[in-house]
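# Structure for the following, please:
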Amino acid sequence: MRHGKKFNHLSRKTAHRKAMLANMACSLIEHKRINTTVAKAKALRQYVEPIITKSKNDSTHNRRLVFSNLRSKEAVAELFRDVAVKVGDRPGGYVRIIKLGNRQGDNADMAMVELVDYNEIYNPKGTKKKKSTRRRGGKKVSNKPESVESVAKESTPKVVEEPKSKDADNKEEA
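Got it, this is the predicted structure:
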């Protein structure tokens with residue numbers, strides 16, 4: 001029977017499993033991305049997402065609850081200071097698991113676990129910047145900086161000739 005088997009025990013006793021997940025969660029919060037096996041990654045996601053949800057409400061009680069799970073002052077401070085601000089408007093799904101293939105030594109399935117809001121390169125929805133249209137109507141406006149020569153011409157003072165007096169005109173004619 002499978003009663004009470006709601007999560008993966010990872011072939012470890014309770015104390016070892018809790019310590020390992022706490023260490024992995026601290027590393028994830030500190031480095032924003034870690035590599036591990038797929039099974040540990042899935043267990044870590046279940047462990048760390050409720051902790052990140054608690055960090056969105058910065059109270060003494062929540063800090064103590066999070067500290068009891070993480071057991072690292074630096075990780076708790078980083079979580080409440082930086083991570084909670086960045087994920088404040090996200091309703092969940094703070095962790096992304098990307099499968100990397102098999103490990104060379106023992107052929108274990110490897111995965112990269114990362115905090116979603118800290119990766120600007122990877123975009124799972126595939127939305128890209130809107131392309132500009134190919135046909136343009138009207139004037140083309142260039143965003144390039146002006147050439148050095150045109151800036152130099154504008155910055156040099158223009159010599160303005162003063163109007164000559166009638167006496168000077170008479171002297172030149174003579």
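
# C-alpha from now on. contacts and neighbour counts both.
Will do.

# And the strands in the chain?
Ranges of strands in the chain, per DSSP state E, are 33-37, 95-102, 109-115.

# now for those, which one comes closest to residue 48?
Of all the strands of the chain, strand 95-102 sits nearest to residue 48, with 8.2 Å by Cα to Cα.

# Parallel or antiparallel, which strands does the closest one pair with?
Paired neighbours of strand 95-102 in the sheet (DSSP bridges): strand 109-115 (antiparallel).

# residue ranges with poor pLDDT in the chain?
123-174 (pLDDT under 70).

# which stretches of it form helices?
Ranges of helices in the chain, per DSSP state H, are 14-31, 38-55, 60-70, 73-78, 84-86, 148-155, 166-173.

# could you redo the ones you listed as JSON lines and give each row mean neighbour count and distance to residue 100?
Output for the helices of the chain, formatted as JSON lines (neighbours: other Cα atoms under 10 Å; distance: least, Cα to Cα, whole Å):
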{"stretch": "helix 14-31", "mean neighbour count": "17", "distance to residue 100": "17"}
{"stretch": "helix 38-55", "mean neighbour count": "19", "distance to residue 100": "9"}
{"stretch": "helix 60-70", "mean neighbour count": "16", "distance to residue 100": "26"}
{"stretch": "helix 73-78", "mean neighbour count": "16", "distance to residue 100": "26"}
{"stretch": "helix 84-86", "mean neighbour count": "15", "distance to residue 100": "26"}
{"stretch": "helix 148-155", "mean neighbour count": "9", "distance to residue 100": "49"}
{"stretch": "helix 166-173", "mean neighbour count": "8", "distance to residue 100": "89"}
